[in-house]
Each structure stands twice: as structure tokens, then as C-alpha cells.
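Undergrad: got a structure for you, letters missing:
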């Protein structure tokens with residue numbers, strides 16, 4: 001029997017750092033970011049493929065859910081990581097079989113740009129989910145929106161930070177994403193029921 005093709009869901013998320021741009025940190029809700037990532041992973045991992053760029057605050061959460069689900073679904077996750085950050089990889093990276101390491105270019109920004117282009121440019125996505133974050137989440141949103149104009153976009157403004165800025169930039173922002181913290185039901189209604 002042929003293996004069914006899994007639909008791709010893109011996750012862009014991070015927990016803002018206080019020493020970076022204050023516009024992200026001042027509105028960030030760290031508990032909401034954590035809860036939203038866990039709810040997304042719990043909702044999509046059994047039946048979809050989750051693809052994200054590794055971040056030390058997010059990759060451990062994805063691993064946590066993968067372990068809690070107790071399913072052999074390594075082919076449902078794909079982690080992209082720039083070799084530029086090799087000495088900062090979280091231990092959780094070793095828990096994933098599908099890790100794509102992208103080359104180092106002349107500096108941090110160009111290395112990240114290459115990773116994002118490779119991650120987002122060579123596959124079709126059903127949806128992009130944006131949670132918390134800093135400038136990297138905003139950059140990934142712009143690339144994703146350009147390359148996947150028909151994909152579902154969920155920018156969870158209730159997590160604050162970059163996701164809130166993205167939500168405010170949407171032509172018809174969904175007000176539920178601003179005030180709703182029931183992330184599992186949000187993902188069921190606005191993601192699973194739509195793809």
C-alpha cells in the first residue's frame with residue numbers, strides 16, 4: 001500500500017529576548033507562546049507534516065509533544081537549521097531524524113536568508129502558523145506570504161510580539177486570533193477543518 005502524502009504545515013515561532021527589539025518583548029506572552037506551540041503540535045503531528053526553522057525556545061517544545069504522543073511519526077517533522085548556529089543547537093535537535101542543515105554564508109543574516117529560502121521555497125504548504133517571535137518571524141511571514149499566497153495564514157496575535165504585528169497587518173484580521181487562548185479549538189476550526 002502506498003504511503004499517503006502528508007500536507008505541510010509551516011511553523012514560525014520564537015520567544016522574544018529582552019535584549020533584542022523591545023517592540024517584540026514588551027507584548028510577548030511567553031505562556032501563550034508555549035501553549036500555542038504545544039497545541040499546534042498536538043493537533044497537527046498525528047496527520048500532517050510540521051516544518052520549522054530550529055529555535056532553542058521552540059524545538060524542545062516540538063520534541064516534548066512528539067515524546068508525549070508516543071507515536072513513531074518522525075516523518076511528520078522536518079527541522080531546518082542553519083550551520084551558522086551550530087554551536088548553539090539545543091540537545092533536542094538530536095531527537096529528530098529529519099534535520100536539514102543549511103550552509104553558512106558570509107554572515108548571520110545571509111545564512112538565515114538562505115535557510116528560509118530553502119525551507120519555504122521547495123515545497124507546497126497548506127498553512128503557515130505564526131506564534132510570538134521577533135524579526136525572524138516577520139521575515140518568514142513575508143517570504144511565506146509571497147511564495148504561498150493561497151495557503152491558510154494564522155497569526156496568533158494573542159501570543160504578542162511579531163505575531164501580533166503580523167495580525168495587525170492582515171487585510172481582514174480575524175479578531176479571534178487576538179483574544180482567544182483556546183488554541184486547540186482555534187487550530188481545529190481554522191486549520192484542520194479548512195485543509
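TA: That came in fine, so what should we check first? All of these numbers come straight from a predicted model, not from anything done at the bench.

Undergrad: that's a strand at residue 9, yeah?
TA: Yes: note on residue 9: a strand contains this position according to DSSP: H, G, I helix; E, B strand; the rest coil.

Undergrad: Now do the contacts for it.
TA: 40, 44, 48, 49, 50, 51, 125, 126, 127, 128, 129, 191 (CB atoms under 8 Å, 6 or more residues apart in numbering). For glycine as for every other residue, the C-beta is placed from the backbone atoms N, C-alpha and C.

Undergrad: Relative to residue 111, how far out is the first one?
TA: Think residue 40. 26 Å (CB to CB, to the nearest Å).

Undergrad: So between those two, which is more surrounded?
TA: residue 40 (27 against 18; other CB atoms under 10 Å).

Undergrad: quick one: the more buried one and residue 10 touch, right?
TA: No: at 10.7 Å, residue 40 does not count as touching residue 10 under the criterion of CB atoms under 8 Å.

Undergrad: overlap in contacts of the two?
TA: Both residue 40 and residue 10 are contacted by residue 129, under the criterion CB under 8 Å, 6+ apart.

Undergrad: who's residue 53 bridged to?
TA: Under DSSP bridges, the beta-bridge partners of residue 53 are residue 80.

Undergrad: Please look at it and residue 81 and confirm they touch.
TA: Yes: the pair residue 53 and residue 81 qualifies as a contact (CB under 8 Å) at a distance of 7.2 Å.

Undergrad: Pick out whichever of these two has more residues nearby.
TA: residue 53 (26 against 23).

Undergrad: what's the nearest residue to residue 166 if we skip its chain neighbours?
TA: residue 155 (4.0 Å; CB to CB, 6 or more residues apart in numbering).

Undergrad: element containing the one you found, please.
TA: Assigned by DSSP states H and E, residue 155 belongs to strand 152-156.

Undergrad: Moving C-terminal from that strand, which element do we reach first?
TA: helix 161-169.

Undergrad: what's that next one packed up against?
TA: helix 22-25, strand 127-132, helix 135-147, strand 152-156, helix 176-179 (3 or more CB pairs under 8 Å, 6 or more residues apart in numbering; DSSP states H and E).
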